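Trainee: this is a predicted model, with the sequence first.
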Amino acid sequence: MKIISSPEKMKAFVAETKAQGKTVALVPTMGALHEGHLSLIDKAKSIADVVVVSVFVNPTQFGPNEDFDKYPRQLEEDASKCEARGAEAVFAPAVSDIYAPDASTYVVEEQISANLCGKSRPKHFRGVTTVVAILFNIVKPDFAVFGEKDAQQISVIKRMVRDLFMDVEIVSSPIVRDENGLALSSRNKYLDTVERVGAARVHRALLEGKRLSDEGCTNIDRIKALVINSVTNAKTRVIYVEIVDAETSLPVNEAIKGKTRISIAVWFGQTRLIDNILL
Ligand code: AMP
């Protein structure tokens, strides 16, 4: 497996791969890889000949008071996990390889990004769409695989790909959870042992909401109230609970119909967790 940091070398690797008639799938990550990320590699391997995993903690998607500096970085460990899982290359550029000091161009999706996480993290999705567009331009993947844990991110990226006629197929992959139901996340590293068990409340609250919906309730306010009540305790602060369209992630404000999901973001102590469940 190759570890590549230079965008030019990455382009050359992909050009060589494609010249052999092989397809390429990209798995974009910020590293600190866990089983959730690795399941995306499995998915990527099932649809393409060659899998490239990018590991890049992208500064433009963090707000000024967020955890960019303390975000876990462990490239060697990540690379061995990718190799064990059968990836052909890890693309791990430095910030200066991706952004010129005077970079002044962004990709902005304006509708989906304005909701849910976009409300409390105003420039987050601008950073995501920009870096994903840059990665697509460097790697030119046939497929890019994203996790449903970040369902709004997938909706935003699909919209960007559609609107800008990008030549890549976006593939989603299910949420991987630990034994308590907590969705795996690199940020779970910030939780201590007790908090980690407690954070499973988030998934349990979503299951409660789904149960109410499965019983036939289509009243959004009732479902949201149940989820909020189930998750709230001394350690949690709910940022949002929304019922959203499963494809676009846009909030549904009248009675539930069609394919929807419940999306949630909570502060659990000092850690911001997100999760969702399909209804
Ligand atoms: P991140 O490194 O957190 O930016 O995530 C990189 C990719 O991994 C994104 O597409 C995430 O949605 C996906 N991912 C993160 N956690 C999980 C999980 N628990 N299950 C499935 N995919 C995940």
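Mentor: Cool, got the structure.
Trainee: wait, what's in contact with the closest residue to Arg177 other than its chain neighbours?
Mentor: Excluding the flanking residues, the one nearest Arg177 by CB to CB, 6 or more residues apart in numbering is Ala183, at 5.4 Å. All C-beta atoms are positioned from the backbone trio N, CA, C, and that covers glycine. Ala183 makes contact with Gly36, Lys149, Ile175, Val176, Arg177, Val202, His203, Leu273, Ile274, Asp275, according to CB atoms under 8 Å, 6 or more residues apart in numbering.
Trainee: which of those residues come close to the ligand?
Mentor: Applying CB under 6 Å from any ligand atom to the contacts of Ala183, one finds that Gly36, Lys149, Ile175, Val176 fall near the ligand.
Trainee: hang on, the first one packs against Lys149?
Mentor: It stands for Gly36. Yes - in this structure, Gly36 is within contact of Lys149 by CB atoms under 8 Å, at 6.5 Å.
Trainee: find residues that contact each of the two.
Mentor: Shared contacts of Gly36 and Lys149, defined by CB under 8 Å, 6+ apart, comprise Ile175, Ala183, Leu184, Ser185.
Trainee: in the lengthiest helix in the chain, what counts as buried?
Mentor: Secondary structure of the chain per DSSP state H: the longest helix is helix 124-139. Within helix 124-139, the residues scored as buried using 16 or more other CB atoms under 10 Å are 124-136, 138-139.
Trainee: do stretch 30-41 as well
Mentor: Counting neighbours by 16+ other CB under 10 Å, stretch 30-41 gives Met30, Gly31, Ala32, Leu33, His34, Gly36, His37, Leu38, Ser39, Leu40, Ile41 as buried.
Trainee: can you show me the helices along the stretch 1-150 of the chain?
Mentor: 7-19, 35-47, 75-84, 95-98, 117-120, 124-139 (DSSP state H, counting those that start in this stretch).
Trainee: which residues sit against stretch 184-197?
Mentor: Against stretch 184-197 from outside (CB under 8 Å, 6+ apart): 30-36, 67, 71-72, 149, 176-178, 180, 182, 199, 235, 268-273.
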